[in-house]
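Enquirer: Generate a structure from the sequence data that follows.
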Amino acid sequence: MVYDLKNINETTPMYLGEKLGYEVFIPNFMYNHISFNKRNCPIWIKINDEGDCYVFLQERDGDLENEITEIITKYLPKKKALHCCRFSSQLQDKAGVHDSDEFGLNSACVDENNELQAYVIVGSGKIEDDNVMIVKRVWYLDKKPLSMLRDYLLREENVEKYRSKELWHSMTDETIVETLHFIDRGNGFYSWQFE
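Expert: A predicted model of the protein is given here:
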């Protein structure tokens with residue numbers, strides 16, 4: 001069963017499968033929890049004009065959270081979105097790239113269908129006589145996911161772990177240098193510091 005959520009009002013019951021057995025009402029607005037409970041409805045789902053999905057739980061028993069996840073993933077349309085994550089072995093398989101993650105910095109940006117939009121692989125390297133962390137490979141479809149990866153790499157846990165250390169690369173792609181905000185060190189290398 002698929003529902004056109006635009007044509008549903010607050011009094012339209014939806015039966016989402018015999019297995020679940022819940023009536024789900026879509027309110028036009030939320031104003032009073034007590035009136036929700038008068039309908040004896042354990043789950044409320046509201047989608048606003050921007051497509052944001054809000055779930056209101058009236059009961060917290062058994063496996064309700066898993067059932068809600070199932071309802072949302074099975075019946076509601078996916079919202080276009082990007083998010084960053086660890087560049088897992090499954091994502092590496094998709095990209096046809098295999099690399100150990102010695103620093104825990106290998107990162108990927110994926111869309112709502114878990115399709116790769118960008119990735120960064122970081123490993124050990126040598127610049128002159130110094131052992132350094134170096135970006136070994138960068139791949140991206142667009143500037144936005146690449147920019148999101150920069151923020152993901154510089155998240156608090158990485159800053160805490162690698163404070164004051166520099167991350168280097170020698171790629172000449174202007175988009176990479178500009179989007180990742182690397183500083184030109186004048187020797188064919190670019191870097192930025194975890195601060």
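
Enquirer: now Lys79, what's its secondary structure?
Expert: On the three-state scheme (DSSP: H, G, I helix; E, B strand; the rest coil), Lys79 is labelled coil.

Enquirer: That one - how many residues pack around it?
Expert: By other Cβ atoms under 10 Å, 11 other residues sit near Lys79. All C-beta atoms are positioned from the backbone trio N, CA, C, and that covers glycine.

Enquirer: In this structure it contacts Asp52, no?
Expert: Yes - under the criterion of Cβ atoms under 8 Å, Lys79 is in contact with Asp52, at a separation of 7.4 Å.

Enquirer: which residues do those two both contact?
Expert: In terms of Cβ atoms under 8 Å, 6 or more residues apart in numbering, Lys79 and Asp52 are not both contacted by any residue.

Enquirer: Report pLDDT for the nearest residue to Asn106 once chain neighbours are set aside.
Expert: Using Cβ to Cβ, 6 or more residues apart in numbering and skipping the chain neighbours, the partner closest in space to Asn106 is Phe87 (3.9 Å). Here, the pLDDT recorded for Phe87 equals 96.

Enquirer: Contact partners for Phe87?
Expert: Taking Cβ under 8 Å, 6+ apart as the contact definition, Phe87 lies against Asp101, Asn106, Ser107, Ala108, Tyr119, Val120, Ile121.

Enquirer: Give me the domain ranges for the protein.
Expert: Segmentation of the chain into domains, based on automatic domain parsing, reads 5-75, 82-193.

Enquirer: where among those domains is the average confidence lowest?
Expert: Comparing the domains of the chain by mean pLDDT, the weakest confidence falls on domain 5-75, with a mean of 57.

Enquirer: Tell me where this structure has helices.
Expert: Assigned by DSSP state H, the chain shows helices spanning 33-38, 64-75, 89-95, 143-153, 156-162, 174-180.
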